[in-house]
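Chemist: Here is a sequence with its predicted model. Questions after.
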Amino acid sequence: MSEHVTNVETQPIPGQKPGTSGLRKKTPVFMQHHYLENFIQSIFDATGGAQGKTYVLGGDGRYFNDRAVQVILRMMAANGARRVIVGQGGLLSTPAASHLIRLNRADGGIILSASHNPGGPDEDFGVKFNIANGGPAPESVTEAIWRASQQITRYRILETHDVDLSSPGRRQLAQMEIDVVDPVADYAALMESLFDFNAIRAMIAGGFRLRFDAMCAVTGPYAVEILENRLGAPRGTVVNRLPLPDFGGLHPDPNPVWAKPLMDELFGANAPDFGAASDGDGDRNMILGRGIYVSPSDSLAVIAANAHLAPGYAKGLAGVARSMPTSQAVDRVAAKLGIDCYETPTGWKFFGNLMDAGRVNLCGEESFGTGSDHIREKDGLWAVLMWLNILAARRESVADILAAHWREFGRNYYSRHDFEGLETQAAETMLADLRDRLARLPGQEIEGMRIAAADDFAYRDPVDGSVTEHQGLRIRFADGARIVMRLSGTGTSGATLRLYLERFVPGPDRLAEDTQEMLAPVVRAAHALAQIEAHLGRSTPDVVT
Ligand code: G6P
Ligand code: ZN
């Protein structure tokens, strides 16, 4: 077998700047000559080289995943990596990859995914780099990768045949060892160590009915193994279970809009007791009960209040964290439990330092992300199992648990309105214009509500002192209502305005109202304050979650 390292001459390609969650582009962009190779070499160059290192590698199976894995393996070998743990078929969910990095004490990992964005020849592809703690690279690292991508002059690659990834086992590529692993096994074992599988199994055997929608993405094999094989749910509980390169044409984003068939089932006649879905790479989750949708922010608060019912969290929580736009429901639980609650910018990477320092062990975001310090990514199936564990322990329905939660803590009515496909310039101008007026807002009345505070969110990491600015405009009202606005950091074309709306009702009255109706005055205030229609020519959102 002849294998030689080639140094390929190349030039910087503009735009290789990782966003909220890795580098995401249209698939044809990634398939351009040198594009993937330049970025991968930049990762190595920015992190002290690959010489002697151990990596984890896998992706969500979207179009180009199979080719990209082979290219990356050849580049890892050419750059002197010692060992790579790669999922069978090149597949790994993001949570499973994070776990494998930690379990194998790897130096880092490369995950191929554009998360919840559609996949296919004309859709999206992405590359994420995770560091040794299993979490997304922090900004200092992503900035260094970007700088390296602007200086690159050559990349190293091995000229050889494809590696056989079709079955588990040890392979060799030049001097590099490759361990092809079952993508599910270690992850499923971790879940068994955290949750009371016996109690969940007994609940299901007792007639509790559930549905999991894998959306033709990577969680199918994980959910089949855990929910059907280990927990005894009937075969067929997991739908859209086969990962497909184009996700079967679905938009693998678990929210009420894109997972509508699941919503319809849970709100229809003969609905099951519980429904859940996950996204392209398995780190997001949506939770439903019979006839009820659990907003991600409420889910985080309920989990915070009940986590001690799961064996892995029986000692109680050290602290919790949420991203700034996430509703303040969890803050109320933390206050009652007497634990710290941190408010971070959008993006899971901001939780890493807090978890490594032992300050928090439960985190969540409004963007359908929930997780704990068992790994350093959010984790869709983890959230599903946490809910099942809570349901098995409390023996109440999802709706009853939510109602009891609101009676105890009050209810933070919450919604996000997205305006997609905007002209970037117009969206930025609108926010800049509002930013300029923020200082004058406190004290003003609008829609019968008094503005108490307004600012442009900046975060100082309490562990390493780093400062991240311009993370969203927030306007707080005296009655606890809140408006937040920011531009999405995960899109691949144009700009998306995210408008986050929140209104607190202490109870006992008005705890079971319609969310959009309750938020209507806050929505009107937001539109008036930011002059959305004047700037964007739009008054209705494309997606409401
Ligand atoms: C990804 C990250 C999340 C983050 C989300 C925000 O999913 O992993 O941590 O909350 O992006 O996306 P946005 O489009 O609002 O920037
Ligand atoms: Zn994802």
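Modeler: Looks like it arrived, so ask away. Ligands and ions are numbered 1, 2, ... in the order given.
Chemist: for this protein, what helix or strand is lowest in average pLDDT?
Modeler: strand 543-544 (a mean of 89; mean pLDDT, DSSP states H and E).
Chemist: Can you name every helix or strand that it contacts?
Modeler: strand 411-422 (3 or more CB pairs under 8 Å, 6 or more residues apart in numbering; DSSP states H and E). (Glycine included, C-beta is placed from N, CA and C.)
Chemist: What residues of the strand it packs on count as buried?
Modeler: By neighbour count on 16 or more other CB atoms under 10 Å, the buried set for strand 411-422 is 411-420, 422.
Chemist: go on, stretch 479-493?
Modeler: So, applying 16+ other CB under 10 Å, buried residues of stretch 479-493: 480-492.
Chemist: Tell me if that stretch is near ligand 1.
Modeler: Yes - applying CB under 6 Å from any ligand atom, one finds stretch 479-493 touching ligand 1 at 488-490.
Chemist: excluding its backbone neighbours, what's nearest F247?
Modeler: Leaving aside its sequence neighbours, F247 sits nearest to C216 (CB to CB, 6 or more residues apart in numbering; 4.4 Å).
Chemist: residues near the residue of the chain found nearest ligand 2, how many?
Modeler: Using CB to the ion, S115 is the residue of the chain that sits closest to ligand 2, at 3.2 Å. Counted with other CB atoms under 10 Å, the neighbours of S115 add up to 26.
Chemist: so who does it touch?
Modeler: S115 makes contact with 21, 24, 60, 94, 126, 279-281, 283-284, 490, according to CB atoms under 8 Å, 6 or more residues apart in numbering.
Chemist: Quick check: it is in a strand.
Modeler: No - going by DSSP: H, G, I helix; E, B strand; the rest coil, the assignment for S115 is coil, not a strand.
Chemist: Roughly how far does it sit from D356?
Modeler: Distance, S115 to D356, by CB to CB, to the nearest Å: 23 Å.
Chemist: now G126
Modeler: Taking CB to CB, one finds G126 at 25 Å from D356.
Chemist: interface residues of this protein facing ligand 2?
Modeler: Residues of the chain lying near ligand 2 by CB under 5 Å from the ion: 115, 279, 281, 283-284.
Chemist: Tell me the one among those residues nearest to R74.
Modeler: Nearest to R74 among the residues of the chain next to ligand 2: D281, at 23.1 Å, using CB to CB.
Chemist: circling back to that earlier point, could you export the buried residues of stretch 479-493 as JSON lines, including pLDDT and secondary structure?
Modeler: Putting the buried residues of stretch 479-493 into JSON lines (pLDDT from 0 to 100; DSSP: H, G, I helix; E, B strand; the rest coil) gives the following:
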{"residue": "G480", "pLDDT": "92", "secondary structure": "coil"}
{"residue": "A481", "pLDDT": "96", "secondary structure": "coil"}
{"residue": "R482", "pLDDT": "97", "secondary structure": "strand"}
{"residue": "I483", "pLDDT": "98", "secondary structure": "strand"}
{"residue": "V484", "pLDDT": "98", "secondary structure": "strand"}
{"residue": "M485", "pLDDT": "98", "secondary structure": "strand"}
{"residue": "R486", "pLDDT": "97", "secondary structure": "strand"}
{"residue": "L487", "pLDDT": "95", "secondary structure": "strand"}
{"residue": "S488", "pLDDT": "92", "secondary structure": "coil"}
{"residue": "G489", "pLDDT": "81", "secondary structure": "coil"}
{"residue": "T490", "pLDDT": "74", "secondary structure": "coil"}
{"residue": "G491", "pLDDT": "69", "secondary structure": "coil"}
{"residue": "T492", "pLDDT": "66", "secondary structure": "coil"}
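Chemist: Reformat those as JSON lines; add distance to L250.
Modeler: Shown next, in JSON lines, are the buried residues of stretch 479-493 (distance: CB to CB, whole Å):
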{"residue": "G480", "distance to L250": "37"}
{"residue": "A481", "distance to L250": "35"}
{"residue": "R482", "distance to L250": "33"}
{"residue": "I483", "distance to L250": "32"}
{"residue": "V484", "distance to L250": "29"}
{"residue": "M485", "distance to L250": "29"}
{"residue": "R486", "distance to L250": "27"}
{"residue": "L487", "distance to L250": "26"}
{"residue": "S488", "distance to L250": "20"}
{"residue": "G489", "distance to L250": "23"}
{"residue": "T490", "distance to L250": "18"}
{"residue": "G491", "distance to L250": "18"}
{"residue": "T492", "distance to L250": "18"}
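Chemist: if we can go back for a sec, what is the most widely separated pair among the buried residues of strand 411-422?
Modeler: Maximum distance among the buried residues of strand 411-422 (CB to CB): 31.4 Å, for R411 and L422.
Chemist: who in the stretch 301-450 of the chain is up against ligand 1?
Modeler: 323, 346-348, 365, 367, 369.
Chemist: One more pass at 8 Å, please.
Modeler: 323, 325, 346-349, 365-367, 369, 377-378 (CB under 8 Å from any ligand atom).
Chemist: One more: the stretch 151-300 of the chain?
Modeler: 283-284.
Chemist: ranges for the helices of the stretch 201-350 of the chain?
Modeler: When assigned using DSSP state H, counting those that start in this stretch, the helices of the stretch 201-350 of the chain occupy the ranges 219-223, 260-267, 296-306, 329-337.
Chemist: List the residues that contact the nearest residue to L441 once chain neighbours are set aside.
Modeler: Nearest residue to L441 in three dimensions, chain neighbours excluded: A454, at 4.2 Å (CB to CB, 6+ apart). Going by CB under 8 Å, 6+ apart, A454 touches 438-439, 441-442, 473-476.
Chemist: Find the nearest non-adjacent residue to R24, please.
Modeler: Per CB to CB, 6+ apart, closest to R24 is G126, 4.0 Å.
Chemist: what helix or strand does the one you found sit in?
Modeler: Assigned by DSSP states H and E, G126 falls within strand 124-131.
Chemist: ok now that strand, how far from the chain's centre?
Modeler: Computed by CA atoms, centre = their mean, to the nearest Å, the chain-centroid distance of strand 124-131 equals 12 Å.
Chemist: That one vs ligand 1: in contact?
Modeler: No - with CB under 8 Å from any ligand atom as the criterion, ligand 1 is not reached by strand 124-131; the gap is at least 8.7 Å.
Chemist: downstream neighbour of that strand in the secondary structure list?
Modeler: Heading C-terminal from strand 124-131 (DSSP H and E), you reach helix 139-151.
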